[in-house]
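>>> What shape does this take:
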Amino acid sequence: MSFADIQWFYIFTSFVIGGVIGAWLYKALHTNTVPSTQMHPALTGNELELNQVRGNLNSHFSRTASNLASLSQQLKNLEEQIASDANLLCSDESIIQCLTNQHSDQAMLSNQNPPKDYASNKNGGTLTSKEYQQPKFDPPRDYVSGKAGGTLAEDFGLKPEAFAPISKKQ
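Model prediction:
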């Protein structure tokens, strides 16, 4: 065997070994694609089911709102019918007031006062009164100037002897 034949042998062997290693790496790195392709139909099915549930939920709330509006209107009509029948057929004034809820509505409205801060009287409410002043607060201790510095002072927590020069004992 000549030197040129040995070189071709090494080149061919390297090519075959590289192909085997490349095929093995390809298979090892692409094993995750198979489950993802299998999961795609399941994911699509779940999305369709979720959209169907959302649609059903929307239609349920739409029907519920419609039924509540209808029930409210029927209740209003029933109250009006009872009030008109009570005015026509009943002679006792207390029963008429009880059935028509006139006294309870008026009592409820008369018991409600506007908030004190915005009361519309001649002195004004708390926020509109000229006598009202914002309470005074002391500044935080951290920013107090004077002898006793706050926690942001340079000497906070240090004893005065800490600033004294150190004398060397001989």
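
>>> Select the helix or strand of this protein having the lowest average pLDDT value.
helix 102-111 (a mean of 57; mean pLDDT, DSSP states H and E).

>>> pLDDT (mean, whole number) over stretch 9-22?
Stretch 9-22 shows a mean pLDDT of 94.

>>> Next: stretch 47-55.
Mean pLDDT, computed over stretch 47-55, is 93.

>>> Have a look at this structure and report its longest helix.
Across the chain, the longest stretch assigned as helix under DSSP state H is helix 33-89.

>>> ok, residues contacting the next helix or strand after that helix?
Next helix or strand after helix 33-89 toward the C-terminus (DSSP states H and E): helix 93-100. Residues from elsewhere that reach helix 93-100 (C-beta atoms under 8 Å, 6 or more residues apart in numbering): 82-83, 86-87, 90, 103. From N, CA and C alone the C-beta is placed, and that goes for glycine too.

>>> Tell me the helices and strands packed up against the longest helix of the chain.
helix 93-100 (3 or more C-beta pairs under 8 Å, 6 or more residues apart in numbering; DSSP states H and E).

>>> Can you give me the domain boundaries for the chain?
What the record gives for the chain is the domain set 41-89, 91-127, from automatic domain parsing.

>>> Any idea which of those has the lowest pLDDT on average?
domain 91-127 - the lowest mean pLDDT of the domains of the chain, at a mean of 62.

>>> sec struct for K136, please.
On the three-state scheme (DSSP: H, G, I helix; E, B strand; the rest coil), K136 is labelled coil.

>>> Count the neighbours of it for me.
5 (other C-beta atoms under 10 Å).

>>> what's the answer for E79, then?
The tally of other residues near E79 (other C-beta under 10 Å) stands at 13.

>>> what do you get for the one 5 residues further on?
Number of residues near S84 (other C-beta under 10 Å) recorded here: 11.

>>> and the gap between it and Q97?
Remark: distance between S84 and Q97 (C-beta to C-beta, to the nearest Å) = 14 Å.

>>> for G55, same thing?
Distance, G55 to Q97, by C-beta to C-beta: 49 Å.

>>> Pick out whichever of these two has more residues nearby.
Taking other C-beta under 10 Å, G55 and Q97 do not tie; Q97 has more neighbours (14 against 10).
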